[in-house]
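model the following, please.
(chains A, B and C)
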Amino acid sequence: MSDARPAQVAAAAPRDAARPFAAVQRTRRNVVKWIVTAPPFLFLLVFFLLPSLIMVLASFRYPGEYGGLAPLGAATHPGADHGLTVETYQFFFSSFIYTEIFIKSFIVALATTLICLVMAYPLAILIARSPRRHRDLMVLLVILPFASNFLIRVYAWMIILGPQSAFSHFVNSVLGVFGAGPVTMLFSPFAVLCGMVYVHLPFMVLPLYTNLEKHDPVLLDAAQDLGAGGWQRFWRVTFPLSLPGIFSGAALVFIPVLGIFVIPDILGGTRDILIGNLIENQFLTTRDWPFGSTLSIMLTLCVLATAGFAAWLARVGARRA
Amino acid sequence: MALLEIRDVTRRFSDFVAVDHVNIAIEAGEFFTLLGPSGCGKTTLLRMIAGFDLPDEGQILLDGRDLAATPPEKRPVHTVFQSYALFPHMTVAQNIAFPLKMAGKSPARIRDRVDEALADVRLSEKSGQYPHELSGGQKQRVALARGLVNRPRLLLLDEPLGALDAKLREDMQLELIELQKEIGVTFVFVTHAQNEALALSHRIAVMNRGRVEQIDEPSKLYGFPKNRFVADFIGKANLFDARVIDSAGGRLRLEVPGLGDVEAPARADGGVGAGDRGVLSLRPEQVRIAPPGHAEQLRNHFPGKVHDFLYIGDVTVYIVELVNGTRVEALLPNSAPGRAKFFEPGDPVEVAWRDDVGHFLHE
Amino acid sequence: MRRGLSLWIAAVLVYLFLYVPLLIVVVYSFNDSRLNAEWVGFTLHWYHVLFNDGDMLQAWANSLIIACTASIVATVLGTMAGIAMHRYRPKLLPFMVLTPVAMPSILLGVSLLLFFIQVLNLTLGMLSIIIAHITFCIGFVAIVVHARLAGMDNSVFEAARDLGATPWRTFRLVTFPLILPGVIAGLLMSFTMSIDDFVITFFTAGVGVSTLPLQIYSMIKIAVTPEVNAVSTLLMLITLTLIVVASRFAPDALRGKA
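Numbering: from 1, shown residues only, chains lettered A, B, ... in the order given. This next block holds a predicted model:
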């Protein structure tokens, strides 16, 4: 075997220059990469990222005369508004009513999340403990109501809580026994809460069950062996271990609830509006788009803050576990 | 001319040198093994032969031709992956037919070759089944058949027996040897299990941290390791730091801290002078163990106490602690006629070995 | 076992809670009464009304056209995104693909409204709805395809090249057949999401075009009759079928997704 070494080895030439084929391969790989990545990327750039940026920009503009946005450049006629301003943000904080609606939405979201948690937990435990072959069916049964249209699920509660429904009659007759007056359950905060919980319950069950499924039953046996009673075993073993599942479920419930407008719109009264209703109103009725954009930005910030908080909690929880 | 030549190949990943100026020549028909601990570069080297990576420096030549410009699909080299990589959506027969299909062979020819290949690995009755229906060993054999069916110049095997349990692994080892002998394709086998390498290979390249430490036949690697790493990695060895006192008449006199004066054979290649520091390597089977006073006829003998022993069925390994705490492993077969009595921990013994065994190695 | 029993009871109550409202909707769709109050008698009257309601039928047609178009485009783009996310691990793409799915729909709805009118000067109608639907459906497909790829032994693709397949043949003969179940599941899910979508469609539909959910909404707000129940029942049947079929193709997607 000859000892001749190729000239490239001696030189400290950069890899590609000395290896033209490697360069060709790399170019080909890059071309394929762009062909595969570009279409979805460009589509989302134009129809997701760009609109979001436009909305941020819009929150700093004046409303147009007939709704929409006032022009950025020259005014349509002398004296009209144009250009950029922080007026809408000032407007938001000028009256407490808007902040109040945000706070109300947070409370509703929190209440919904907690109620969903309490209702979902027993079901999730049951599914996690069932034999394998039943589990998929039980999970499917949880998902199926989700298959029905969102509006239908809300409409169903309109029927149930309506003044002529059997349920209403029943509740009112019970109240009548105690001498209390008849109540209308529909178009109230109670109705809104029912709707919110009903729509989001499956989102809490699934992550919780996925987490509980992974728990090692040996841990509970060990706890029992060491003297823990039933409730203690739950509280000290099962519950802490299920925290990551709880946080996932909570995120899947809390964040959407913040932005919903349909449920207060259909089930709520005039005083029960939440952030979503405000935004809808601004964009479609009042047509004050800058203010609507501002509200949307504020909602986005709330969502990001919540997501960040949840992520932080999850990290802390993981460290302690 | 060697079938595969790896000439001064180097491969770096940022600061880390995975393969460091490696030179190997593999002959046609060989069962050649790349042996070494994790991270020694053997898999990186294998991937460069297959074409999934290119060397930064050096060349890989097949039949004298540089492979650098050839993509993996055009190289007459096939790989058996550690996870077998069978196509889950194809039957066993379709899996095996795949390389033939890629090579453009006619359907009739493909059918014949696939049947032949299935017969070679004794899986003819599984031809219509899917990979998930097979056991680990069966998947292994399908992967082998698939890699060999169109008679590549080289078959690369990346730790293919790693996922099998011990008994199955041994059976597959025998099958591999038979298959390679029968079909005659050159195998390049990668493993970290030294006993497997010794059993299967015609020649082994021992690698460590990107470099080739020694290339030799198994018996030569075992009997004549070139340095401490090889001596320690292949088989078991007692290793003692040693200093050469003098060298005369084909013998070395060594000073070994913890033992004393030891005589060992001089190295065939010379190159050892007084004052040199190095390692004395002694295989456990070369160390005799006897009750005190019974080993005096051997030149190297030292008193000690049995610390522990491992009964392995066919042999027993005794761990003897010498006067100053040094531990020596001695291996005794359990079937010697008039066999030595078993020793208990705490028994005083003498360990001894002849003056023509043991290697002095520079680091 | 006492604790086991109370667990069972609690779980069954929750299941009932989930299903009874929907059953009420279905049952009253056959009710011979204008009011959703109490059961009078069985009738198919409301279904007749439904099938003769021109606006409703137009809305159905629109929904189908939109769902077909949007789901196909979203599946193509989503599959590409899923493959790209697995192979090349780009930094920005996962964020752009998943955020439209994760954030409240109203935000996507209003930002697209703003964008279409203000920037593109586009008249709202079928096209704007289709574009909006594609935007949030891409994420679903990408998740399913990516999950499928992530769960596979990667060396399979290298093996194909090793055995003589060019990159294109590897894709055609190995990669695509293996992700196909995920692609189909993604297609079905996109179709379902599109037919069902209300919020985003509400903002991007404009005046002239109605879809099924929009039609249902206006019926709920303006004049509630059991015709709503009838259309709800039929819609439930359709999406139920689609979800069951989709779950056959990608059972893990539905579990892991939530």
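
next up, the contacts around A:F291.
A:P63, A:T88, A:F91, A:F92, A:Q282 (CB atoms under 8 Å, 6 or more residues apart in numbering or on different chains). The way it works is simple: take the backbone N, C-alpha and C, and place the C-beta from them, glycine included.

need the max-distance pair from those.
Spatial extent of the contacts of A:F291 (CB to CB) is set by the pair A:P63 and A:F92 at 13.9 Å.

quick check: closest non-adjacent residue to the residue of chain B found nearest chain A.
Going by CB to the nearest CB, chain A is nearest to B:A69 of chain B, at 4.2 Å. Leaving aside its sequence neighbours, B:A69 sits nearest to A:F21 (CB to CB, 6 or more residues apart in numbering or on different chains; 4.2 Å).

helix or strand: which one has that neighbour?
Assigned by DSSP states H and E, A:F21 falls within helix A:20-44.

buried stuff in that helix?
A:A22, A:Q25, A:V36, A:T37, A:P39, A:P40, A:F41, A:F43, A:L44 (16 or more other CB atoms under 10 Å in any protein chain shown).

keep only those residues that also lie close to chain C.
With CB under 8 Å from any CB of the partner chain as the criterion, these include A:V36, A:T37, A:P39, A:P40, A:F41, A:F43, A:L44 near chain C.

quick one, what contacts the fourth one?
What it means is A:P40. A:P40 neighbours (CB under 8 Å, 6+ apart): C:L77, C:G78, C:M80, C:A81, C:A84, C:L93, C:V97, C:I138, C:A142.

the stretch 101-250 of chain B: helices as residue ranges?
B:107-120, B:136-148, B:166-183, B:194-200, B:218-223, B:228-233 (DSSP state H, counting those that start in this stretch).

highest mean neighbour count out of those?
Mean neighbour count (mean count of other CB atoms under 10 Å in any protein chain shown) peaks for helix B:136-148 among the helices of the stretch 101-250 of chain B, with a mean of 23.

quick check, pLDDT for the closest residue to chain C within the stretch 201-321 of chain A.
Chain C sits closest to A:G259 of the stretch 201-321 of chain A, with a gap of 2.5 Å, by CB to the nearest CB. pLDDT recorded at A:G259 is 90.

who's in contact with it?
A:I275, A:G276, A:L299, A:V303, C:M103, C:P104, C:S105, C:I106, C:L107 are the contacts of A:G259 under CB under 8 Å, 6+ apart.

tell me which parts of chain C are close to chain B?
C:152-153, C:155-156, C:158-166, C:169, C:174, C:177-178.

same thing but at 6 Å, please
Neighbours of chain B within chain C, by CB under 6 Å from any CB of the partner chain: C:D153, C:S155, C:V156, C:A159, C:R161, C:D162, C:L163, C:G164, C:A165, C:T166, C:P177, C:L178.

quick one: the second one and C:F176, what's the gap?
Between C:S155 and C:F176 the distance, using CB to CB, to the nearest Å, works out to 18 Å.

show me what the biggest helix by length in chain A is packed up against.
Ranked by residue count under DSSP state H, the longest helix found in chain A is helix A:96-129. Contacts defined by 3 or more CB pairs under 6 Å, 6 or more residues apart in numbering or on different chains; DSSP states H and E place helix A:96-129 against helix A:189-213, helix A:243-259, helix A:275-280, helix C:2-28.

and the residue of chain B that's closest to chain C?
Counting by CB to the nearest CB, chain B gets nearest chain C through B:M102, at 3.1 Å.

with adjacent residues omitted, what lies nearest to that residue?
Excluding its sequence neighbours, the residue lying closest to B:M102 (CB to CB, 6+ apart) is C:G164, at 3.1 Å.

make sure that neighbour is actually in contact with B:K74.
No: using CB atoms under 6 Å, C:G164 is not in contact with B:K74; the gap is 7.9 Å.

how about low-confidence regions in the chain?
The chain I'm using is chain A. Applying pLDDT under 70 to chain A flags residues A:1-20, A:65-67, A:72-82, A:317-321.

that's the wrong chain, I wanted chain C
Filtered on pLDDT under 70, chain C yields the residue ranges C:1-3, C:36-37, C:250-258.

for the single nearest residue of it relative to chain B, what are its contacts?
Taking CB to the nearest CB, chain B has its nearest neighbour within chain C at C:G164, 3.1 Å off. Applying CB atoms under 6 Å, 6 or more residues apart in numbering or on different chains, one finds that C:G164 lies in contact with B:E73, B:P99, B:M102, B:A103.

just the residues you listed now: which is nearest B:M172?
When the contacts of C:G164 are ranked by distance to B:M172 (CB to CB), B:P99 comes first, at 21.6 Å.

make a markdown table out of the helices of the stretch 101-250 of chain B and add mean pLDDT.
Listed next are the helices of the stretch 101-250 of chain B as a markdown table, based on pLDDT from 0 to 100:
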| stretch | mean pLDDT |
| --- | --- |
| helix B:107-120 | 94 |
| helix B:136-148 | 93 |
| helix B:166-183 | 90 |
| helix B:194-200 | 93 |
| helix B:218-223 | 92 |
| helix B:228-233 | 91 |
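
SS state for B:I60?
strand (DSSP: H, G, I helix; E, B strand; the rest coil).
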